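**Student:** Okay, predicted coordinates and the sequence, questions at the end:
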Amino acid sequence: MSKHAMSLLPRWCSRIFSVELNGAPFYFAVKEKHLGEDVPRVFREVQNRDKCYSVLVYCSRDRIKTAKFYGELKDKLLRDLPPECRLSPMSSFLPNVRDSLVKGYFLKGNSDTSSPIERLLSDLIQHDPVLVCSYSPAEDGQQWTQHMWSETASQVMDVAKGYYVVPSEAPEYHPSALNIINSDVFYSFDEAYDVMKKCGDIIPEAKAVLELLPSRVEARNKPDFPVIVIEGLDATGKTTLTESLKDTLGATLLPSPPECLSPWRARFDQEPPLIRRAFYALGNYITADQIGREGMKTPVIVDRFWHSTAAYAIATAVSGPVCNLPGEGSEVYCWPSDLFQPSLVVLLTLDPEERKRRLRNRGQGKTDEEEELDHNQLFRLRVEEAYRRISGPACVTVDASPSADRVLQQVLLLIRGKCHL
Ligand SMILES: Nc1ncnc2c1ncn2[C@@H]1O[C@H](COP(=O)(O)OP(=O)(O)O)[C@@H](O)[C@H]1O
Ligand SMILES: Nc1ccn([C@@H]2O[C@H](COP(=O)(O)OP(=O)(O)O)[C@@H](O)[C@H]2O)c(=O)n1
């Protein structure tokens, strides 16, 4: 048996497995004995001649390699599997144990596709850091069993008997929440820097990004002037408002990510979350450095900052309804202790229909994530709720549906109340 498999096995029966179908997680567990439990939902609709498989990716010490491999594995499976084979994201975790999440894919095939699928998986298990299991109906046809594949025989293991798959309760939080800290959201410059530095060997652009970073991140002297961050989903009116605030207050306007990172943004948007989020996190530190300088001369208005980085990352990491987000007050919503704290953060909110209307009128291209906001109402709700839960500083919500001038006046009132301008 592979040494990878050994490392997962000791707590095999404590693990929960989660398969994402149409954006919602379905859970099951494995047991040595069957006590008459139901067949888990993921297997209930599967026909008796169907066969299912899971491919879980081991987390090696090299997180960058694991993250890259997970993305590449999906491309490979989509390319090489028979088109009838259904592929769904899958994970396995120990409930409430941080960093216990192992990610992978769940495959559903039928008797016609099982040979090509099994050939592909046999090849994978021999060359890549994966744990493969197959699922088939037990002899009585009533239950389903899970068989772990051995690395050497590249076939279903005969030394270990199959485990029964049984339904499992949904855990308190979405399993991805267990791995958010320092994988999706970075809470210090050093953590994000470390990821970017390790990317240097495989992504040449990472070296260029490292060269743009401030040499020191310790808080400079507090800026003399107020620093106001404007947050909100795409097309809520941030650009319109930040331009007006700049003119009205004689302020300096800074975007995050900063302009110096623009040439590299599209490149990092293609990378897996670990790398992509480290890029945006570092962008905030560059902006913070600029704030430190400009804030000694004028008020500073910042178009997106840490709230955007964390809220989009958290909302993407978990799926399903808002209740799947880490609970209010969770440490995932904390502000990084080494990142500059603005005087005020304003969150612009807008009715979804009005936001769509504004998007149409503006008629620009959108990032995949912004595209997703349109199609996936749950994702939009998760981003908005994550924005609201971030603290230190928390954001003040402003309804962005009135005219641009009314919104400006409303925000000026807030600034004058809070920042003595
Ligand atoms: N208060 C407002 N009322 C009506 N339309 C607005 C308002 N604020 C902005 N817009 C329009 O909505 C679109 C999106 O605004 P923009 O400032 O570009 O948003 P963001 O920077 O948040 O993506 C633009 O076409 C802009 O002219
Ligand atoms: N400070 C920031 C700013 C943007 N972002 C990311 O950038 C995306 C939005 O940027 P954008 O340029 O499309 O936003 P708009 O200028 O269109 O409002 C979000 O999906 C975030 O993932 C971030 O992570 N941190």
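**Tutor:** Ah, there it is. Numbers count the residues shown, from 1 in each chain. Ligands and ions are numbered 1, 2, ... in the order given.

**Student:** ok, and the helix or strand in the protein with the lowest average confidence?
**Tutor:** In the chain, no helix or strand scores lower on mean pLDDT, DSSP states H and E than helix 3-8, which sits at a mean of 51.

**Student:** List the residues that contact Lys103.
**Tutor:** Leu56, Val57, Tyr70, Pro89, Met90, Ser91 (Cβ atoms under 8 Å, 6 or more residues apart in numbering). Yep, even glycine has a C-beta here, placed from its N, CA and C like the rest.

**Student:** Tell me the bridge partners for it.
**Tutor:** Ser91 (DSSP bridges).

**Student:** So for the residue located most distally from the centre of the chain, what's the pLDDT?
**Tutor:** Farthest-out residue of the chain from its mean C-alpha position, per Cα atoms, centre = their mean: Asp140, at 40.9 Å. Per-residue pLDDT puts Asp140 at 73.

**Student:** What's the local residue count around the nearest residue to Arg63 once chain neighbours are set aside?
**Tutor:** Of all residues not flanking Arg63 in the chain, Leu274 sits nearest, at 6.2 Å (Cβ to Cβ, 6 or more residues apart in numbering). Leu274 has 22 neighbouring residues, counting by other Cβ atoms under 10 Å.

**Student:** Run a quick check on Leu274 versus Val195, I expect a contact.
**Tutor:** Yes - counting by Cβ atoms under 8 Å, Leu274 does reach Val195; the two are 6.2 Å apart.

**Student:** Report the set of residues contacting both of those two.
**Tutor:** Common neighbours of Leu274 and Val195 (Cβ under 8 Å, 6+ apart) are Arg63, Ile64.

**Student:** where's the residue in the stretch 251-400 of the chain positioned nearest to ligand 1 relative to ligand 2, distance?
**Tutor:** Proximity of the stretch 251-400 of the chain to ligand 1 (Cβ to the nearest ligand atom) peaks at Arg358, 3.5 Å away. For Arg358, the distance to ligand 2 equals 11 Å [Cβ to the nearest ligand atom, to the nearest Å].

**Student:** next one: Gly162
**Tutor:** 42 Å.

**Student:** element containing the closest residue to that residue other than its chain neighbours?
**Tutor:** Sequence neighbours aside, Thr145 is the residue nearest to Gly162 in space, at 3.5 Å (criterion: Cβ to Cβ, 6+ apart). Following DSSP states H and E, one finds Thr145 within strand 144-148.

**Student:** Check what contacts that strand and list those residues.
**Tutor:** 5, 30, 39-40, 43, 46, 54, 131-138, 156-157, 160, 162-165.

**Student:** cool, stretch 112-124 as well?
**Tutor:** Here stretch 112-124 makes contact (Cβ under 8 Å, 6+ apart) with 51, 53, 55, 73, 77, 80-82, 84-85, 107, 109, 130, 132, 134, 149, 154-155.

**Student:** Of all the helix elements in the chain, which one is longest?
**Tutor:** As assigned by DSSP state H, the longest helix anywhere in the chain is helix 273-294.

**Student:** Export only the CA atoms of it, formatted as CSV.
**Tutor:** Extracted C-alpha coordinates of helix 273-294, given in CSV (Å, rounded to 0.1, in the frame of the first residue of the first chain):
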residue,chain,number,x,y,z
PRO,A,273,-6.6,30.2,-5.3
LEU,A,274,-3.5,29.8,-3.2
ILE,A,275,-1.4,31.8,-5.7
ARG,A,276,-4.0,34.1,-7.0
ARG,A,277,-5.1,35.2,-3.5
ALA,A,278,-1.4,35.7,-2.4
PHE,A,279,-1.1,38.1,-5.4
TYR,A,280,-4.1,40.2,-4.3
ALA,A,281,-3.0,40.1,-0.6
LEU,A,282,0.4,41.5,-1.6
GLY,A,283,-1.3,44.2,-3.7
ASN,A,284,-2.9,45.6,-0.5
TYR,A,285,0.5,45.9,1.1
ILE,A,286,1.8,47.9,-1.9
THR,A,287,-1.3,50.1,-1.7
ALA,A,288,-0.7,50.5,2.1
ASP,A,289,2.8,51.7,1.4
GLN,A,290,1.4,54.3,-1.0
ILE,A,291,-1.2,55.3,1.5
GLY,A,292,1.5,55.9,4.1
ARG,A,293,3.2,58.3,1.7
GLU,A,294,0.2,60.1,0.2
